[in-house]
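Undergrad: Would you be able to build a 3D model of this:
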Amino acid sequence: MYAQKDERIVAVTQTNKGVSAARNLGIGKATGTYLTFVDADDQIEKDIFEKLVKKIEEEKVDVVRYNCYYSTAENAKMSTGNMAGFINQKIEKDQLEEVRRKLITGELSGYVWLLFAKTEQIREANKGQVFNKRIHYMEDTLVCLEMFGKVQSAYFYDEPGYYYYYTPDEKLREKSFYQNYLKNLNVVYSKMKTILKKQHCFSKEMENLIDVKWLNTIVDHFALIEKTDAKTSATEKLRLVAELEYTKEPVASEWYPLKSYNAKMVQLLQKEKYGQFFFLNKVRRIVTKLKH
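TA: Okay, here's the model as predicted:
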């Protein structure tokens, strides 16, 4: 065990309470100046932390967001992660709105393990319970959004020092996954607004952006539910819709347009014409299947 080889390493164990609980425990136990995350099934370059410490101190910033390589079992070739246009540049506080926008749209990946930050900056989030244990998908995007709302400056370092290995699980392609995912994201997009309001970063433009992204997501995931099980009953789909919160008013965002092929679906959803919504969703699946 590494803790036996190096006294600077402290091993902490607890019963399995999920990744968020484990991360929160580690954050509470951390004593170093800087903090970052590494998932158990991933790898890092052996000198990446040395590079990150040098960069954060040279640039005099609160957080460095670096890059990664990633691959899946279906594609063994390593690909470089997307920096969303932020290539080796220092971002000051008044420029961080663009970072937050790209986190919300997903253009900038919200993987928390690509953050290298001062420990106190991470620990201060959400009164010490940095990760929300009730959220099981995109919980790290919320942490990134909070971080980029309260730091004074950041540096985007196009150095791929993290190796992210993703193995798709067939179970994730079942309709139950997409249903649970939607319920989870219903909380996530609401939390995004809460975080921005708390940090005085909220505006009508940001609200519209989140609403449009959420509406697109709802429609896209109903298409996936239809794809995985075309026999899903109307009652089951109605029950799912009833659990979701979304604006019923027409909405647009200059930063993130409503997908053209989703526009009619969104209108039906907002007008609560669910029968037509489900029917059009089924027709779209059939047309897509015929095209392929």
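Undergrad: which residues touch Ala40?
TA: Residues counted as contacts of Ala40 (CB atoms under 8 Å, 6 or more residues apart in numbering): none. Every residue, glycine included, has its C-beta placed from N, CA and C.
Undergrad: What separation do you get for it and Val19?
TA: Distance, Ala40 to Val19, by CB to CB, to the nearest Å: 9 Å.
Undergrad: repeat for Ser203
TA: Using CB to CB, Ser203 is found at 32 Å from Val19.
Undergrad: Have a look at those two and say which one is more surrounded.
TA: For Ser203 and Val19, the more surrounded residue by other CB atoms under 10 Å is Val19, and the numbers stand at 16 against 11.
Undergrad: Pull up the gap between the more buried one and Lys118, please.
TA: Distance from Val19 to Lys118, by CB to CB: 22 Å.
Undergrad: ditto for Val63
TA: Look at Val63 and Lys118: by CB to CB, they are 7 Å apart.
Undergrad: same deal with Arg284?
TA: Distance, Arg284 to Lys118, using CB to CB: 48 Å.
Undergrad: Quick check: end-to-end length of stretch 223-240?
TA: Chord length of stretch 223-240, first to last residue, is 13 Å (CA to CA, to the nearest Å).
Undergrad: now stretch 252-271
TA: Using CA to CA, the two ends of stretch 252-271 sit 16 Å apart.
Undergrad: which outside residues touch it?
TA: Under the criterion CB under 8 Å, 6+ apart, residues 101, 104-105, 205, 208-209, 211-213, 215-216, 218-220, 222, 241, 246-251, 274, 276-277, 280-281, 284 lie in contact with stretch 252-271.
Undergrad: Give the rounded mean pLDDT of it.
TA: For stretch 252-271, mean pLDDT rounds to 94.
Undergrad: just stretch 40-60 next, same as before
TA: When pLDDT is averaged along stretch 40-60, the result is 95.
Undergrad: For the stretch 51-200 of the chain, just list every one of the helices.
TA: For the stretch 51-200 of the chain, the helices defined by DSSP state H, counting those that start in this stretch occupy 96-105, 119-123, 139-150, 175-198.
Undergrad: What average pLDDT does the second one get?
TA: Averaged over helix 119-123, pLDDT sits at 88.
Undergrad: Please apply the same query to the first one.
TA: Model confidence over helix 96-105, given as mean pLDDT, is 96.
Undergrad: hmm, who's touching that helix?
TA: Helix 96-105 is contacted from outside by 84-86, 91, 108, 110, 141, 144-145, 148-149, 151, 154, 192, 196, 201, 206, 209-210, 213, 255-256, using CB under 8 Å, 6+ apart.
Undergrad: Using ChimeraX, make a named selection holding only the buried ones among those residues.
TA: In ChimeraX, this line selects whichever of the contacts of helix 96-105 come out buried by 16 or more other CB atoms under 10 Å:
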select :84,86,91,108,110,141,144,145,148,149,151,154,192,196,201,206,209,210,213,255,256
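Undergrad: which of Val63 and Lys118 has more neighbours?
TA: Each of Val63 and Lys118 has its neighbours counted (other CB under 10 Å); Val63 has more, 25 against 17.
Undergrad: what's the spacing between the more buried one and Lys193?
TA: 22 Å.
Undergrad: go on, Gln267?
TA: For Gln267, the distance to Lys193 - CB to CB - is 23 Å.
Undergrad: Please report how far the closest residue to Gln14 other than its chain neighbours lies from Asp41.
TA: Among residues not flanking Gln14 along the chain, Leu25 sits closest, at 6.0 Å (CB to CB, 6 or more residues apart in numbering). Separation of Leu25 from Asp41 (CB to CB) stands at 19 Å.
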